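Asker: Mind folding the following:
(2 chains)
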Number of protein chains: 2
Amino acid sequence: MTINYPNGRQFVPPENVTSLQQNLTVSQSNRGMSLERELNQANSYYRTHGLANIHKKPTPIQIVNVNYPKRSAAKITEAYFRQASTTDYNGIYQGKYIDFDAKETNQTTSFPLQNVHSHQVKHLAEIVKLGGVAFLIIRFTRLREDFVLPASILIDYWHNQADGRKSIPYQIIATHGKKIPNAINLTLPYLKAVDELIKEQNI
Amino acid sequence: MTINYPNGRQFVPPENVTSLQQNLTVSQSNRGMSLERELNQANSYYRTHGLANIHKKPTPIQIVNVNYPKRSAAKITEAYFRQASTTDYNGIYQGKYIDFDAKETNQTTSFPLQNVHSHQVKHLAEIVKLGGVAFLIIRFTRLREDFVLPASILIDYWHNQADGRKSIPYQIIATHGKKIPNAINLTLPYLKAVDELIKEQNI
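Answerer: Residues are numbered from 1 along each chain as shown, chains lettered A, B, ... in the order given. The predicted model follows:
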């Protein structure tokens, strides 16, 4: 539901990036699915196969007015989108706490940090400190490449923005991130990339 | 916000149990706080002290209509409560995945299983299988006692309902659950009880 885009963002219709990507890829088999739908599909697959239990959190809504009609559903007649205080996805995998957000960009040489909110970086940093597996899933829509980027890299670049660098170079993401492979039974088998991350970081 | 009560429940105003408890205890110092507010306070305390990162999930809302007035917030004009597919609370503590729901009852001799939804039991059972720390927080409002009950006990009683027993006896909860102690700086230091649970179950 596009109403949910961009995740956690307030008061704005879907970003151009997202809608552009959707138009671009609509004819490209399963790549026409939005990143969110692919992640929901993957999480559903992992859950039904008993491999992981990871869910997207509902979009936080500030409810102002509700009607309770007799013999029918309570109807919310006035409500507003609220800023999320965490990332969109969390759950359990390999006995570990998993926490991440998913981002898309149509850039090809770097990932602009403006796609990320400060509260998301703050949250991911807290999860890292507590021993969780924290990362971003970054989709380069035009390159048709998806990466799992450890939160540590995001956090470094975020805090160094003062130096003038407002994005993470593609090469850094390709080097320090784990590329999400293709799979037959699954559009976005991102936990394969998370396996590498866990192994490498020995979390 | 009472609109959010009962968590995840569809189309019904706050349960009598909850509102009764609120009326009963309004004059009883911090016990006048609802269980949800006490948990939010505890989670905020644990997070700011770097001990844990546990959040209540937003209530899932099905959005039907949104207006985008110029220069002001997008206004949701028609939406409905949806049934949650998970429990209300999850996060990380001691490097472990934590998952639970919170329930109140004004019964004094047992906890009625009708306070729990089948999808919540199913979800908690999946978390147990995956090695997470899954439990219920049960408040006996009239006894002024709060317990952390391992999901395993709930699951056993849930599946044995066919035998006619529709509730978990207080004695079972007091024996197999961990009582949440009182604390000076915190209304509901439930992670102290979770510590015991983790130690005992060697999760």
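Asker: Report the rounded mean pLDDT for the longest strand belonging to chain A.
Answerer: In chain A, taking DSSP state E as the definition, the longest strand is strand A:96-105. Summarised as a single mean, pLDDT over strand A:96-105 is 97.
Asker: Helix, strand or coil: sort out the residue in chain A sticking out farthest from the centre for me.
Answerer: Centroid-distance maximum for chain A: A:Lys70 at 39.5 Å, with Cα atoms, centre = their mean. Three-state call for A:Lys70 (DSSP: H, G, I helix; E, B strand; the rest coil): coil.
Asker: quick revisit: report the next helix or strand after the longest strand of chain A in sequence order.
Answerer: strand A:110-112 (DSSP states H and E).
Asker: residues of that next one that come out buried?
Answerer: Buried residues in strand A:110-112, counted by 16 or more other Cβ atoms under 10 Å in any protein chain shown: A:110-111. Every residue, glycine included, has its C-beta placed from N, CA and C.
Asker: contact partners of that strand?
Answerer: Outside strand A:110-112, the residues within contact range by Cβ atoms under 8 Å, 6 or more residues apart in numbering or on different chains are A:103, A:105, A:138, A:140, A:149, A:166-170, A:173.
Asker: Which is the succeeding secondary structure element to it?
Answerer: helix A:118-129.
Asker: What helices and strands are in contact with that following helix?
Answerer: strand A:96-105, strand A:133-140, helix A:151-159, strand B:52-56 (3 or more Cβ pairs under 8 Å, 6 or more residues apart in numbering or on different chains; DSSP states H and E).
Asker: out of the ones you listed, nearest to A:Asp88?
Answerer: The closest of the helices and strands packed on helix A:118-129 to A:Asp88 is strand A:96-105. By Cβ to Cβ, the value is 5.4 Å.
Asker: Briefly note if the closest one comes near chain B.
Answerer: Yes - Strand A:96-105 reaches chain B (Cβ under 8 Å from any Cβ of the partner chain) through A:96-99.
Asker: Buried ones in that strand, by neighbour count?
Answerer: A:96-105.
Asker: Show me what secondary structure element comes after whichever strand or helix holds A:Gln171.
Answerer: In the assignment (DSSP H and E), A:Gln171 maps to helix A:170-176. Remark: after helix A:170-176, the chain's next helix or strand is strand A:178-179, criterion DSSP H and E.
Asker: so what does whichever helix or strand comes after that next one touch, helix or strand wise?
Answerer: Going down the chain from strand A:178-179, the next helix or strand is helix A:190-201, by DSSP H and E. If you count contacts as 3+ Cβ pairs under 8 Å, 6+ apart, helix A:190-201 packs onto helix A:35-48, strand A:133-140, strand A:145-150, strand A:178-179.
Asker: To chain B, which of those lies closest?
Answerer: Chain B lies closest, by Cβ to the nearest Cβ, to one member of the helices and strands packed on helix A:190-201: helix A:35-48, at 7.0 Å.
Asker: Please list the outside residues in contact with the closest one.
Answerer: So helix A:35-48 is contacted by A:4-5, A:7, A:30, A:33, A:52-56, A:89, A:91, A:93, A:102, A:104, A:137, A:139, A:146, A:185-191, B:126 (Cβ under 8 Å, 6+ apart).
Asker: Could you identify the buried members of these?
Answerer: Neighbour-count burial (16+ other Cβ under 10 Å) applied to those gives A:4-5, A:7, A:33, A:52-56, A:89, A:91, A:93, A:102, A:104, A:137, A:139, A:146, A:186-191, B:126.
Asker: Assign A:Gln83 to helix, strand or coil.
Answerer: Three-state call for A:Gln83 (three-state DSSP): coil.
Asker: what about it, how many neighbours?
Answerer: Counted by other Cβ atoms under 10 Å in any protein chain shown, the residues lying close to A:Gln83 total 12.
Asker: pLDDT below threshold where in chain A?
Answerer: For chain A, the stretches flagged by pLDDT under 70 are A:1-33.
Asker: ok, 80 please
Answerer: A:1-33, A:184-185, A:202-203 (pLDDT under 80).
Asker: Pick out the residue nearest the middle of it.
Answerer: A:Ala102 (1.5 Å).
Asker: any idea which element A:Val64 lies in?
Answerer: Using DSSP H and E, A:Val64 sits within strand A:61-67.
Asker: Check whether that strand comes into contact with chain B.
Answerer: Yes - applying Cβ under 8 Å from any Cβ, one finds strand A:61-67 touching chain B at A:61, A:63, A:66.
Asker: which residues does the last one bridge with?
Answerer: Here A:Val66 sits in beta bridges with A:Ile76, going by DSSP bridges.
Asker: Would you mind listing the residues in contact with it?
Answerer: So A:Val66 contacts A:74-77, B:3 (Cβ under 8 Å, 6+ apart).
Asker: out of the residues you listed, who has the most neighbours?
Answerer: Neighbour max across those (other Cβ under 10 Å) = A:Ile76, 23 neighbours.
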